[in-house]
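S.K.: Sequence and predicted structure are below.
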Amino acid sequence: MNIYLVTSNKNKLREAEKILNTRIKSVDLDLDEIQEIDAEKIAEHKARQAWKKLKKPLFVWDQSTYIDCLNGFPGPLIKWFWTQVGLKKICEIANYFGNHKIHAENILTYCNGKVVKHFHAATDGIIPRRPRGRNGWGWDPIFIPKGHKKTYAEMSADEVVRVRSHAIALRKLRDFLKNGRKQ
């Protein structure tokens, strides 16, 4: 597959390669992230900006996490939220409100200079009473996907790849590229 994943996150690269069953080129670009609540607008801005720098077919990967007891906050601001607040405090907030519902959305945005296309996938889950597990990255210790008892961070790499919503978005991207629609 002749495509770049714009990321500095080696975990995203590893999972993308595993799900797509191919080697992907990755590049870490210094991109502006616009302040916006609409995750699709953020992803498209980053993809177009990356295209201007790279001039190669690429995709960016954005995640948004909506915490029910916070009226959907932080959404696309999840990275800064969990970095600043911390996973333990997020669990404490859910415990305080007695509402542990959480919703995660992934957007993969493809750009080849002419076409910009978004691939979406989502997962509902719950926040545990405290962070659990040591695997994965980011907010994995505080996300139990619907229908499961373990957080992403408690699952093996093979287990988590089968249940993460971004696997669905990656397969949609793969199918789009295989059908020759990248031009």
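M.R.: Now that the structure is in, tell me what you want to look at.
S.K.: For Glu17, which three-state class applies?
M.R.: Put simply, Glu17 is helix when judged by DSSP: H, G, I helix; E, B strand; the rest coil.
S.K.: Report the separation between it and Tyr4.
M.R.: As judged by C-beta to C-beta, to the nearest Å, Glu17 and Tyr4 stand 13 Å apart. In this view, the C-beta of every residue, glycine as well, is placed from N, C-alpha and C.
S.K.: Give the intersection of the neighbour lists for the two.
M.R.: Taking C-beta atoms under 8 Å, 6 or more residues apart in numbering as the contact criterion, the common neighbours of Glu17 and Tyr4 are Ile24.
S.K.: mind listing the strands for this protein?
M.R.: 4-6, 25-27, 58-67, 74-75, 101-111, 116-126, 144-145 (DSSP state E).
S.K.: Switch the ones you listed over to a markdown table; also include mean pLDDT, distance to Ile90 and mean neighbour count.
M.R.: Listed next are the strands of the chain as a markdown table, based on pLDDT from 0 to 100; distance: least, C-beta to C-beta, whole Å; neighbours: other C-beta atoms under 10 Å:
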| stretch | mean pLDDT | distance to Ile90 | mean neighbour count |
| --- | --- | --- | --- |
| strand 4-6 | 94 | 27 | 21 |
| strand 25-27 | 91 | 29 | 15 |
| strand 58-67 | 94 | 7 | 23 |
| strand 74-75 | 94 | 9 | 20 |
| strand 101-111 | 96 | 9 | 22 |
| strand 116-126 | 96 | 12 | 18 |
| strand 144-145 | 98 | 13 | 21 |
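S.K.: In contact with Ile90, which residues are there?
M.R.: Applying C-beta under 8 Å, 6+ apart, we find Ile90 in contact with Ile67, Phe81, Trp82, Ile127, Trp139, Ile142.
S.K.: The first one bridge partners, please.
M.R.: Think Ile67. Residues in a beta bridge with Ile67, per DSSP bridges, are Ile102.
S.K.: wait, what's in contact with it?
M.R.: Neighbour list for Ile67: Phe73, Pro74, Ile90, Ile93, Ala94, Lys101, Ile102, Ile127 [criterion: C-beta under 8 Å, 6+ apart].
S.K.: Many thanks, we can stop here.
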